[in-house]
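Chemist: heads up, no residue letters with this:
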């Protein structure tokens, strides 16, 4: 009987953790956050928010042409990329940033995929079986995650709309979650 009680409590705890994760991340309340309206400048840039606000929060999600984008401020630089991981659509806004071989990488909270903030490359640790004593080394899978150009001007942070003439693996989940899709981070 005690085993059944312990198992039930374990199930309940796992379910509550699942709900907390599934509920997602609260956006910073900036004018261009995913709950607000996005201002497009005459040159096509999209206002994300105030530079100081984003520096304080270190990250923010916003809509860029209906697409969820996460903007990170890390070690003095702004980086923007599709907010959903190319692998299975994990919310990158909830991931941790790690340094891998001198490259800042976001680690997807769902499956621990590592993506460089600078280029969108997927990284993995692999070995060369032809070496006599193979040791794991970080290698690139190529660019998997769409990155977006960030411009800082007059205290504001802007993102350029994506160039959709080139496709990336993350485009599938960007489209799936676009405009409040069934798996969107919006509430």
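Modeler: Perfect, thanks for sending it. Remember, it's a predicted structure, so these values are computed and weren't measured experimentally.
Chemist: Now for the one residue sitting closest to the centre of the chain: which residues touch it?
Modeler: Centroid-nearest residue in the chain: residue 92, 2.7 Å away (criterion: Cα atoms, centre = their mean). By Cβ atoms under 8 Å, 6 or more residues apart in numbering, the contact set of residue 92 is 70, 81, 82, 83, 84, 85, 106, 108, 109, 115. The C-beta positions use only the backbone N, C-alpha and C, and glycine is treated the same way.
Chemist: where do the helices sit along the protein?
Modeler: 2-23, 51-57, 171-176 (DSSP state H).
Chemist: weakest of the ones you listed by average pLDDT?
Modeler: Mean pLDDT is lowest for helix 2-23 among the helices of the chain, at a mean of 60.
Chemist: can you list the weak-confidence ranges in the protein?
Modeler: 2-42, 179-187 (pLDDT under 70).
Chemist: Strands along that one, start to end?
Modeler: 39-40, 46-50, 59-64, 67-74, 77-82, 96-100, 103-107, 114-116, 121-126, 137-143, 147-148, 150-153, 156-159 (DSSP state E).
Chemist: Now distance to residue 178 and mean neighbour count too, for these, in JSON lines please.
Modeler: Putting the strands of the chain into JSON lines (distance: least, Cβ to Cβ, whole Å; neighbours: other Cβ atoms under 10 Å) gives the following:
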{"stretch": "strand 39-40", "distance to residue 178": "17", "mean neighbour count": "13"}
{"stretch": "strand 46-50", "distance to residue 178": "15", "mean neighbour count": "21"}
{"stretch": "strand 59-64", "distance to residue 178": "9", "mean neighbour count": "24"}
{"stretch": "strand 67-74", "distance to residue 178": "6", "mean neighbour count": "23"}
{"stretch": "strand 77-82", "distance to residue 178": "10", "mean neighbour count": "22"}
{"stretch": "strand 96-100", "distance to residue 178": "25", "mean neighbour count": "12"}
{"stretch": "strand 103-107", "distance to residue 178": "20", "mean neighbour count": "20"}
{"stretch": "strand 114-116", "distance to residue 178": "20", "mean neighbour count": "23"}
{"stretch": "strand 121-126", "distance to residue 178": "22", "mean neighbour count": "16"}
{"stretch": "strand 137-143", "distance to residue 178": "21", "mean neighbour count": "13"}
{"stretch": "strand 147-148", "distance to residue 178": "14", "mean neighbour count": "22"}
{"stretch": "strand 150-153", "distance to residue 178": "20", "mean neighbour count": "15"}
{"stretch": "strand 156-159", "distance to residue 178": "15", "mean neighbour count": "23"}
